[in-house]
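Undergrad: Sequence and predicted structure, then a few things I'm wondering about:
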Amino acid sequence: MQHYLEYLQIYGDRFAAGILVTLQQSFLACLLAIFIALIFGFMKISRNKFYRFCAISYIEFFRGTSLLVQLYWIFYVLPLFGVTLEKFTAGYLAVGLNLGAYGAELVRGSIQAVSKGQYEAAVALNMPKITSMRRIIFPQALLIMLPSWGNLLIELLKGTALVSLISVTDLMFEAKQINGSTFLSAESFGTALIIYYMMARLFIAPSMRWFEKYWTKKMGRF
Amino acid sequence: MFEMFDWKWSFAFEVLPRMLWATLNTLMAAGIGYAIALFIGLFFALGQRTGFKPITFIIREVVEFIRSTPLVVQIFFIFYVGPQVGIRLSPWTSGMAAIGLHYASYLSEVYRSGLDSVPRGQWEACRALNLSKARTYFRIIIPQALPASLPGMGNYLVGIFKDTPMLMVIGVAELMHTANALGSTYYRYLEPYTIVGVIFLLISIPTAFGLRRFEGYIARIYGMKK
């Protein structure tokens, strides 16, 4: 125990720096994933065949290959096409694009899960389509999809650990570096595991639960 | 722009045989990992149903911990911490252990919700008929829990397949590792990485489709769907 406290004293700063990068990566990837999920989720339920085709291709492509492959492709192959990305950018881009595809399915599923009567009521009230989506359908769909988004965001956080493989200096990367110089593997990777766990369990899960509660109240359903 | 896009078919065909061999390794890793996960997952799920609170609590926490931490860190952990406590594990063994445990925790949730979906009356009927515990599970409960669990089980089969590239970090010679090695030997990354992506698509999309058909088939057998 004494030994571990000393270890933390020496390497705590580096873990903290890693946590910061992991949080940045997660935050940016999260924004991108939400954006992608909304766009492709709506495109997939569109009446327009072309939009639907685009959404299906995007979703199947990103869900059919693995995140690591996409990350490597974006980082190592895109430069050959003249698009050179900073490793930091490539990292959150890959994670966001990948998890966005999963999110799109959540958006589609939850919108389709809103009961038919709600659509009919909106039509009966002569609401324009966009208004009915914005005011009636989507708020209810959000309530349906929120629990799954909680899980997805934890997946996203876990996904950001992969960016260490293109040497973005995130938590995982720091743990690997510290392990390399100290050979204290249990301490290095164990600490990283515990930090990831705390971020998921003490930060993401409670804030999603809070948001769910808030939204339930806002919708007038107790 | 077009000069930069220098896809070389000759190179692609040159590396293809090696990559197809590596695909076998990937499939093997996914298969073994899945078998381990199916088995350990069952322990996780049934362990939570013993009725003894502390055990339920501990298993729950373990499952939550494994589920909410990154697989790649777990792979490193098992691979590097083993020798520290005197167990030397080969990359394959530690990789399979990590992936198996990770997915066992996911699958235990699938089993759990499947078991929960069996109506209470079924348990009571077994009780009334004085069936043994084993018979209750194997003849009555599990067959009914299966159709509800299958979609989740199928998703994680594809999931485990897509997570095998992470094994490259400890040097398991699967597809991504091979692509990396080929890339750094010939200084060409375009073809190997693109082939990896194509192979993944060609395997995972038909598998997902086949699994959906299979679910429908099972559901029909059990008379849960027309």
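TA: On my side now, so go ahead.

Undergrad: Below-threshold pLDDT in chain B: ranges please.
TA: Where chain B drops to pLDDT under 70, the residues are B:1-5, B:223-226.

Undergrad: Go again with 50.
TA: Within chain B, the ranges that satisfy pLDDT under 50 run B:1-3.

Undergrad: where do the helices sit along it?
TA: Counting by DSSP state H, chain B has helices at residues B:9-47, B:53-67, B:71-84, B:91-116, B:120-128, B:133-135, B:142-163, B:175-186, B:190-221.

Undergrad: now do chain A
TA: A:2-44, A:49-64, A:67-72, A:87-113, A:116-124, A:129-131, A:138-159, A:171-182, A:185-198, A:205-218.

Undergrad: Out of those, which gets nearest to B:L131?
TA: Of all those, helix A:138-159 sits nearest to B:L131, with 35.8 Å by Cβ to Cβ. Any C-beta I mention is one placed from the backbone N, CA and C, and that applies to glycine too.

Undergrad: so for the closest one, what's the average pLDDT?
TA: The pLDDT scores in helix A:138-159 average 94.

Undergrad: where's it relative to the chain centroid, distance-wise?
TA: Its chain's C-alpha centre and that of helix A:138-159 lie 9 Å apart, by Cα atoms, centre = their mean, to the nearest Å.

Undergrad: ditto for stretch A:187-198
TA: On Cα atoms, centre = their mean, the centre of stretch A:187-198 falls 20 Å from that of its chain.

Undergrad: Please list all residues in contact with the residue most central in space within chain B.
TA: Compute the mean C-alpha point of chain B, and by Cα atoms, centre = their mean the closest residue is B:I160, 3.3 Å away. Residues near B:I160 by Cβ atoms under 8 Å, 6 or more residues apart in numbering or on different chains: B:30, B:33-34, B:37, B:99, B:103.

Undergrad: swap the cut-off to 10 Å and go again
TA: B:I160 makes contact with B:29-34, B:36-37, B:71, B:99-100, B:102-103, B:106-107, according to Cβ atoms under 10 Å, 6 or more residues apart in numbering or on different chains.

Undergrad: swap in B:M168?
TA: A:68, A:72, A:165, B:72, B:75, B:91, B:95, B:174-181.

Undergrad: now it: how far from B:F138?
TA: 39 Å (Cβ to Cβ, to the nearest Å).

Undergrad: cool, and A:I137?
TA: Per Cβ to Cβ, A:I137 is found 45 Å from B:F138.

Undergrad: same thing with A:G41?
TA: In terms of Cβ to Cβ, A:G41 sits 41 Å off from B:F138.

Undergrad: try B:S184
TA: Computed as Cβ to Cβ, the B:S184 to B:F138 distance reads 51 Å.

Undergrad: likewise A:R134?
TA: 52 Å.

Undergrad: what do you get for A:R63?
TA: Per Cβ to Cβ, A:R63 is found 35 Å from B:F138.

Undergrad: now do A:L38
TA: For A:L38, the distance to B:F138 equals 46 Å [Cβ to Cβ].

Undergrad: same check, this time on A:C54
TA: On the measure of Cβ to Cβ, A:C54 and B:F138 end up 47 Å apart.

Undergrad: Looking at these two, which one has more neighbours?
TA: Neighbours were counted for A:C54 and for B:F138 using other Cβ atoms under 10 Å in any protein chain shown; A:C54 has more, 16 against 12.

Undergrad: What residues does that one make contact with?
TA: The neighbourhood of A:C54, defined by Cβ under 10 Å, 6+ apart, consists of A:39-40, A:43-44, A:46, A:48.

Undergrad: so what's B:F214 up against?
TA: Taking Cβ under 10 Å, 6+ apart, we find B:F214 in contact with B:150, B:154.

Undergrad: what's the neighbour count on the closest residue to A:F42 other than its chain neighbours?
TA: Of all residues not flanking A:F42 in the chain, A:V107 sits nearest, at 7.0 Å (Cβ to Cβ, 6 or more residues apart in numbering or on different chains). By the criterion of other Cβ under 10 Å, A:V107 has 27 neighbours.

Undergrad: List the contacts of A:V107.
TA: Applying Cβ under 10 Å, 6+ apart to A:V107 gives the contacts A:34, A:36-45, A:100, A:138, A:141-142, A:145, A:148-149.

Undergrad: Tell me how far it lies from chain B.
TA: 18 Å (Cβ to the nearest Cβ, to the nearest Å).

Undergrad: What of A:A17?
TA: According to Cβ to the nearest Cβ, A:A17 and chain B sit 17 Å apart.

Undergrad: Which residues are in contact with the closest residue to B:G41 other than its chain neighbours?
TA: Once flanking residues are discounted, B:G41 sits nearest to B:L107: 3.2 Å by Cβ to Cβ, 6+ apart. By Cβ under 10 Å, 6+ apart, B:L107 lies in contact with B:34, B:37-42, B:44-45, B:63, B:100, B:149, B:152-153, B:156-157, B:160.

Undergrad: Quick check: closest non-adjacent residue to B:R67.
TA: Distances taken as Cβ to Cβ, 6+ apart place B:S105 nearest to B:R67, at 4.7 Å, with adjacent residues excluded.

Undergrad: top of the contacts of A:C54 by neighbour count?
TA: The member of the contacts of A:C54 surrounded by the most neighbours (other Cβ under 10 Å) is A:F40, with 24 neighbours in all.

Undergrad: wait, isn't that one in contact with A:R63?
TA: No: using Cβ atoms under 10 Å, A:F40 is not in contact with A:R63; the gap is 11.1 Å.

Undergrad: intersection of neighbour lists for those two?
TA: Taking Cβ under 10 Å, 6+ apart as the criterion, A:F40 and A:R63 both touch A:101, A:104-105.

Undergrad: Which of these are buried, as a ChimeraX select command?
TA: This is the ChimeraX syntax for the buried subset of the shared contacts of A:F40 and A:R63, where burial follows 16 or more other Cβ atoms under 10 Å in any protein chain shown:
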select /A:101,104,105
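
Undergrad: Just send the shared contacts of A:F40 and A:R63 back as JSON lines, with pLDDT and distance to B:A145 too.
TA: As requested, those are exported to JSON lines (pLDDT from 0 to 100; distance: Cβ to Cβ, whole Å):
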{"residue": "A:A101", "pLDDT": "96", "distance to B:A145": "30"}
{"residue": "A:A104", "pLDDT": "96", "distance to B:A145": "30"}
{"residue": "A:E105", "pLDDT": "94", "distance to B:A145": "25"}
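
Undergrad: Quick check: of the shared contacts of A:F40 and A:R63, which lies closest to A:V95?
TA: A:A101 (11.3 Å).
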